[in-house]
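# missing the sequence, but the structure's below:
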């Protein structure tokens, strides 16, 4: 291992930010002031190397306190963790929320992705950039999806300091976005999570029944509305009984892959290698997706309880909640919920007096769509670049830290609570035979009431759009987000199930339903999707690294052409798309062509 530290020194503030996370350095080996005693030996190296997984939290600590990461600060963090600076630089530059160059303490992220673009994000960005020019003390950055699609267009301001301050403007205009950037402490308070749930308070809800009904900060209120009933039943059933119930319920993963949850849990629980790990993927970065944010903001204790049940069933004593960096309120709510559960004996060494030890550690992402892929997420937690791993081995055999790991997203885990409280047969009776239970749909775009909707599997696309109040002049509907596919207005009878969308040649994905009317230019929309994948490709494999660039180039040429003049570029797009789908390592490259292909074949784009 060649550390090769430079001559740059950290400032007192940078040193304090790192030391607040890691504790004071004990020797010169770790970056403390050198003493004569230190010259005789190097101690602490092995212990420091075992803390490599604190690299990402350390980068957050510096970036939160200073606003950017200097060479001296990076060197100090690397000394504390004995990480080669070149490797740490590769990690720091991997994430969009970090900067290795000086910038103002306040960064205003203005979303330019699909829902916001359709709502006028281009004009918003131009207006904000003209108001907040050089010397304003605010850096304006055009951002991918912020997960605020129901309130598009959106902006997020982050002001570095101790503590870091954040403000959200959504729906934003130039005035509110500028105010959030220049005076985040004075920005209006965000509306409650219930405003993102048009069905809030209605009878018959399962996953959303507590959102807008309970106080999300109160553990007592959560328990008064049925909280921790499922965990008590889990202890009564035992780990094998819990897995049997989840398997019999037919619960499929809600992140898009639709893998049977019970099979994944059983495969992890049966591994003899120890310890086992549980990871909750709350890094929903798919454009148009915001259901996990609403659940964490509106019903945070449900996720804590569900993670505890998953840990109990699979033999994991520690759970990692990997939470998207652009979700400050969800982070605050989940931290509070974990602390309260720990203080009340619902997390820790003896959960509910049952002799089961389980705790949750929250890890923040930093702006990388690829970290939604499970193995890229593991690398990110471990302190490496968030690049996907080749499979096999699969995570249930060798996942986080090389140990058996079960990974589920927020919606999947929260579904476990009704599985246990109502029983597997009753849960399986909801929805269809192959897609059981309720499903959350993130509806945005050209609708009157955007938000998260809960319906049983099997509801049609038209029924979802009717609830949301689709506007006249519907041109197309994007299912599954940027990695999904478009459907036509005459296909609204499409059943929203995993098998129904598959048979129709599209995908349900994570539940995105984004409507577009005729005012949204389709070529510009497709170009934005291509720009998104080009930006978010980790660059590890050639088909994705090169293919996403070639796709964007072709779509940029096509933006002003149609008919015979476009035929060559459309043929090129098909060739590039097939290469990415067949040869990319992970789902990003494999699905980067889906939306473009569906727009060409189903909507007649560029004809």
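Thanks, I have the structure now. Just so it is clear, the model here is predicted, and its values are computed rather than measured.

# and stretch 74-90, end to end?
Using Cα to Cα, to the nearest Å, the end-to-end distance of stretch 74-90 comes to 11 Å.

# can you confirm residue 168 is in a strand?
Yes: remark: residue 168 belongs to a strand, assigned using DSSP: H, G, I helix; E, B strand; the rest coil.

# these two touch, right, it and residue 147?
No: using Cβ atoms under 8 Å as the test, residue 168 is too far from residue 147 to be in contact (10.5 Å). Bear in mind the C-beta positions are built from the backbone N, C-alpha and C, glycine included.

# now stretch 213-230: how far from the chain's centre is it?
The chain centroid and the centroid of stretch 213-230 are separated by 25 Å under Cα atoms, centre = their mean, to the nearest Å.

# what's the span of that stretch, first residue to last?
With Cα to Cα applied, stretch 213-230 spans 19 Å between its terminal residues.

# could I get the buried residue list for that stretch?
214, 216, 218-219, 222-223, 225, 227-228, 230 (16 or more other Cβ atoms under 10 Å).

# JSON lines please, covering those and showing distance to residue 312, secondary structure and pLDDT.
Converted to JSON lines, the buried residues of stretch 213-230 look like this (distance: Cβ to Cβ, whole Å; DSSP: H, G, I helix; E, B strand; the rest coil; pLDDT from 0 to 100):
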{"residue": "214", "distance to residue 312": "24", "secondary structure": "coil", "pLDDT": "97"}
{"residue": "216", "distance to residue 312": "24", "secondary structure": "coil", "pLDDT": "97"}
{"residue": "218", "distance to residue 312": "24", "secondary structure": "coil", "pLDDT": "98"}
{"residue": "219", "distance to residue 312": "19", "secondary structure": "helix", "pLDDT": "98"}
{"residue": "222", "distance to residue 312": "19", "secondary structure": "helix", "pLDDT": "98"}
{"residue": "223", "distance to residue 312": "18", "secondary structure": "helix", "pLDDT": "98"}
{"residue": "225", "distance to residue 312": "22", "secondary structure": "coil", "pLDDT": "97"}
{"residue": "227", "distance to residue 312": "16", "secondary structure": "coil", "pLDDT": "97"}
{"residue": "228", "distance to residue 312": "13", "secondary structure": "coil", "pLDDT": "98"}
{"residue": "230", "distance to residue 312": "11", "secondary structure": "helix", "pLDDT": "98"}
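
# quick check: next helix or strand after the worst-scoring helix or strand of the chain on mean pLDDT?
Counting by mean pLDDT, DSSP states H and E, the chain has its least confident helix or strand at helix 45-49, which shows a mean of 66. Next in sequence after helix 45-49, counting helices and strands by DSSP states H and E, comes helix 55-66.

# I'd like to know which elements that next one is packed against.
For helix 55-66, the packing partners by 3 or more Cβ pairs under 8 Å, 6 or more residues apart in numbering; DSSP states H and E come out as helix 12-22, helix 71-81, helix 85-92, strand 359-364.

# which of the buried residues of stretch 213-230 sits closest to residue 102?
residue 216 (37.9 Å; Cβ to Cβ).

# wait, the closest one touches residue 193, no?
Yes: with contact defined as Cβ under 8 Å, residue 216 counts as touching residue 193 (7.0 Å).

# overlap in contacts of the two?
Taking Cβ atoms under 8 Å, 6 or more residues apart in numbering as the criterion, residue 216 and residue 193 both touch 297-298.

# give the bridge partners for the spatially closest residue to residue 143 that is not a sequence neighbour, please.
Leaving aside its sequence neighbours, residue 143 sits nearest to residue 109 (Cβ to Cβ, 6 or more residues apart in numbering; 3.9 Å). In this entry, residue 109 is beta-bridged to residue 141, residue 156, by DSSP bridges.

# low-scoring stretches of the stretch 501-607 of the chain, by residue?
The model of the stretch 501-607 of the chain has pLDDT under 70 over residues 561-565.
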